[in-house]
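Engineer: sequence and predicted structure below; questions after.
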Amino acid sequence: MKSERLMKVLLGPHVSEKATVVADQGNQIVFKVAPDATKPEIKSAVEMLFDVKVKAVQVTNVQGKTKRSRSTMGKRKNWRKAYVRLEDGQDINFIGAE
Amino acid sequence: MQVSVESAAGLQRTLKVAVPEETIEKVVATRLQSLTRTAKIKGFRAGKVPMKVVKQHYGQQVRQEVLGEVIQSSFYEAVTKEKLRPASSPSINTENDEAGKGLEYTATFDVYPDIKIADMSGQKIEIPNCEISDADIDGMIETIRQQQVSWKDSSEAAGDGDKVTIDFKGIIDGEAFEGGEGKGMAVELGKGRMIKGFEDGLVGVTMDEERGLDLSFPEDYHAKELAGKDVHFDIKVTKIESAALPEIDAEFAKRLGVADGDMDKMREEVKANMQRELDAIIKNKTKQEVMDKLLDANKIEVPAALIESESQNLMKQMSNNLLSQGMKPDQITLEPSMFNEQAQRRVALGLIMAEIVKDQGLEADAAKVKNYIDTVASSYEKPDEVVKWYYGDKQRLNEVESMVLEEQLVDWVQQQAQQETKNYTFAELMYPEKK
């Protein structure tokens, strides 16, 4: 896998209540990823960028919300969310990485 | 909390304060705890934000806040503990404020000097004494008479002391010059207000006479381009008046406000007036003397910060004065440093006086305050309202009280010190600049 492609896979961390819960419980980090990213790509990308060992990756497609303004209907883009489980003892410090 | 004091030169003190990390940490933790209830962070419902995230977001900011407060409170605590009295706000230098290592800072500031009021009993205080003599009263009446001079048209030739109204035209080198022409100008002969020879040259003129005068401007004349030049004046006399001093009689007395025109009463009145002025001057002189002696006896060091702020005040007052006299702001070139000496004196006096007041437990005497206000009020049309106005405004009343207090202080010092009476004549006291 080319590292140029890997640089484009991760779009950013996803911060939410659930994300903090899974981080505490299963050492999982939640990312927003490119819609066409595959599990192996995400695994390699995280390992490359954050210098950690990844145990497993789960992904899900999130449907964009429909929003209405006046009478017209709008739709936000669908996006892809990845739960990345790290090996025991591994951690990502986002503040330190900046 | 650890505190150590270093005394630098003079009144400067340096406080070194160390606050342990636990103290700060505890406060920060409670702050963050209360923040979790209200913090709004994207991705979390209000109140559901975990402590960890709140700390990540707000930790730094809260810590800075807490540090500021801790510095303030610990500085205050340290100062009380070391029994210092700061005269200026401290300049604070943080040496270590990283998280986890506690806080260390140094505060540098001036302290008030320790004042021990010197024993005044060895000091001599000169108190002016003066009796108003009959001659003084005569002199005063003569002055008033001079002020009330009236002018009467005269048809005789003008002599010394007369007022001559003239039209004139000045010519230098055959040409008229600017400002050298005038109509209906009144000249009092023998007063020496005009250039040399002008008034003398007018002695003996008669009505409607035309006369030419050849004079020269003095070297130090205020108009530079005219100074030292020879000039010829063509003068035409339009009016001659002779001075008429009012007779000292019942009429004169009435004009001075004695209704029945009684001469003895008038003398009394004049004397009372003079006495009033004299009393004020004696009081002022005594006060000045007392202040000088106080300063002499108590040599104290004055905090630089106080002098500076006092200098600023003085400068502001001065420039306000100048402004109200019609000077333009850019013409005023005042520096606070110009007032340093005066400021030093004022601050030192203020400190000494405050110390005496505290030491002696002096308090403004309510009766004296009332007395003063009544006196002021009696010169107004509606005394009752003036009195009410004074008592209604706290600040105004304070002003009066501090004035009364100052008088009491002067009295107190006078009692302590040896009094020495020195006799003056009326003129010496009233017009010291003439001596």
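Structural biologist: Good, I have the coordinates.
Engineer: let's verify the residue in chain B that chain A sits nearest to: helix, strand, or coil?
Structural biologist: With C-beta to the nearest C-beta, the shortest gap between chain B and chain A falls at residue B:43, namely 4.1 Å. (C-beta placed from N, C-alpha, C; glycine too.) Judged by DSSP: H, G, I helix; E, B strand; the rest coil, the three-state class of residue B:43 is coil.
Engineer: so how far is residue A:44 from it?
Structural biologist: Distance of residue B:43 to residue A:44, computed by C-beta to C-beta, to the nearest Å: 27 Å.
Engineer: neighbour count winner among those two?
Structural biologist: residue A:44 (17 against 14; other C-beta atoms under 10 Å in any protein chain shown).
Engineer: residue contacts, the more buried one?
Structural biologist: A:1, A:6 (C-beta atoms under 8 Å, 6 or more residues apart in numbering or on different chains).
Engineer: for it, helix, strand, or coil?
Structural biologist: Judged by three-state DSSP, the three-state class of residue A:44 is helix.
Engineer: any idea of the pLDDT on it?
Structural biologist: As predicted, residue A:44 sits at a pLDDT of 92.
Engineer: and the gap between it and residue B:200?
Structural biologist: 118 Å.
Engineer: show me where pLDDT drops low in the chain?
Structural biologist: In the absence of a named chain, chain A is used. A:94-98 (pLDDT under 70).
Engineer: hmm, I had chain B in mind actually
Structural biologist: Along chain B, the model assigns pLDDT under 70 to residues B:1, B:8-10, B:97-100, B:192, B:261, B:431-435.
Engineer: nearest residue to residue B:36 in space, ignoring adjacent ones along the chain?
Structural biologist: The shortest distance from residue B:36 to any non-neighbouring residue, by C-beta to C-beta, 6 or more residues apart in numbering or on different chains, is to residue B:54 (5.1 Å).
Engineer: am I right that the one you found is in a helix?
Structural biologist: Yes: counting by three-state DSSP, residue B:54 falls inside a helix.
Engineer: phi and psi next, for the spatially most central residue of chain A.
Structural biologist: For chain A, residue A:31 is the residue whose C-alpha lies nearest the centre (C-alpha atoms, centre = their mean; 1.6 Å). Torsion angles at residue A:31 (phi, psi; degrees, to the nearest 10) stand at phi -120, psi 150.
Engineer: quick revisit: correct me if wrong: the residue of chain B closest to chain A contacts residue A:13.
Structural biologist: No: using C-beta atoms under 8 Å, residue B:43 makes no contact with residue A:13, being 10.0 Å away.
Engineer: name the helices or strands packed onto the strand or helix carrying residue B:307?
Structural biologist: Assigned by DSSP states H and E, residue B:307 belongs to helix B:304-324. The elements that helix B:304-324 packs onto, with contact taken as 3 or more C-beta pairs under 8 Å, 6 or more residues apart in numbering or on different chains; DSSP states H and E, are strand B:103-110, helix B:340-360.
Engineer: for chain B, which segments are assigned as helices?
Structural biologist: B:21-38, B:51-81, B:134-147, B:198-202, B:250-255, B:263-297, B:304-324, B:340-360, B:366-378, B:383-392, B:394-416, B:426-430 (DSSP state H).
Engineer: most packed of these?
Structural biologist: helix B:198-202 (a mean of 19; mean count of other C-beta atoms under 10 Å in any protein chain shown).
Engineer: give me the contact list for it.
Structural biologist: Residues contacting helix B:198-202 (C-beta under 8 Å, 6+ apart): B:158, B:164, B:166, B:187-193, B:211, B:213, B:215, B:233, B:235, B:237.
Engineer: just give the nearest non-adjacent residue to residue 65, would you?
Structural biologist: If you meant another chain, say so; for now it's chain A. Distances taken as C-beta to C-beta, 6+ apart put residue A:76 closest to residue A:65, at 5.1 Å, once the chain neighbours are dropped.
Engineer: hmm, I had chain B in mind actually
Structural biologist: Using C-beta to C-beta, 6+ apart, the closest residue to residue B:65 is residue B:31 (7.5 Å).
Engineer: could you find the closest non-adjacent residue to residue B:107?
Structural biologist: Distances taken as C-beta to C-beta, 6+ apart place residue B:90 nearest to residue B:107, at 3.9 Å, with adjacent residues excluded.
Engineer: make that residue B:159, sorry
Structural biologist: Nearest to residue B:159 is residue B:203, by C-beta to C-beta, 6+ apart, at 6.4 Å.
Engineer: if we can go back for a sec, weed out the non-buried ones from the contacts of helix B:198-202.
Structural biologist: For the contacts of helix B:198-202, a burial check counting by 16 or more other C-beta atoms under 10 Å in any protein chain shown picks out B:158, B:164, B:166, B:187-189, B:211, B:213, B:215, B:233, B:235, B:237.
Engineer: turn those residues into a markdown table, columns for distance to chain A.
Structural biologist: Formatted as a markdown table, the buried ones among the contacts of helix B:198-202 follow (distance: C-beta to the nearest C-beta, whole Å):
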| residue | distance to chain A |
| --- | --- |
| B:158 | 101 |
| B:164 | 97 |
| B:166 | 94 |
| B:187 | 92 |
| B:188 | 92 |
| B:189 | 96 |
| B:211 | 101 |
| B:213 | 96 |
| B:215 | 93 |
| B:233 | 93 |
| B:235 | 96 |
| B:237 | 98 |
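Engineer: can I get the residues you listed in CSV with distance to residue B:96?
Structural biologist: Below are those laid out as CSV (distance: C-beta to C-beta, whole Å):
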residue, distance to residue B:96
B:158, 92
B:164, 88
B:166, 87
B:187, 83
B:188, 82
B:189, 86
B:211, 93
B:213, 88
B:215, 84
B:233, 86
B:235, 89
B:237, 92
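Engineer: hang on, the earlier thing: wait, the residue nearest to residue A:65 touches residue A:64, no?
Structural biologist: Yes: counting by C-beta under 8 Å, residue A:76 touches residue A:64, with 3.5 Å between them.
Engineer: can you report how many residues neighbour residue 5?
Structural biologist: You didn't pick a chain, so chain A it is. For residue A:5, using other C-beta under 10 Å, the count is 13.
Engineer: you answered for a different chain; I wanted chain B.
Structural biologist: With neighbours defined by other C-beta under 10 Å, the count for residue B:5 comes to 14.
Engineer: and if you look at residue A:24?
Structural biologist: The burial count for residue A:24: 11, using other C-beta under 10 Å.
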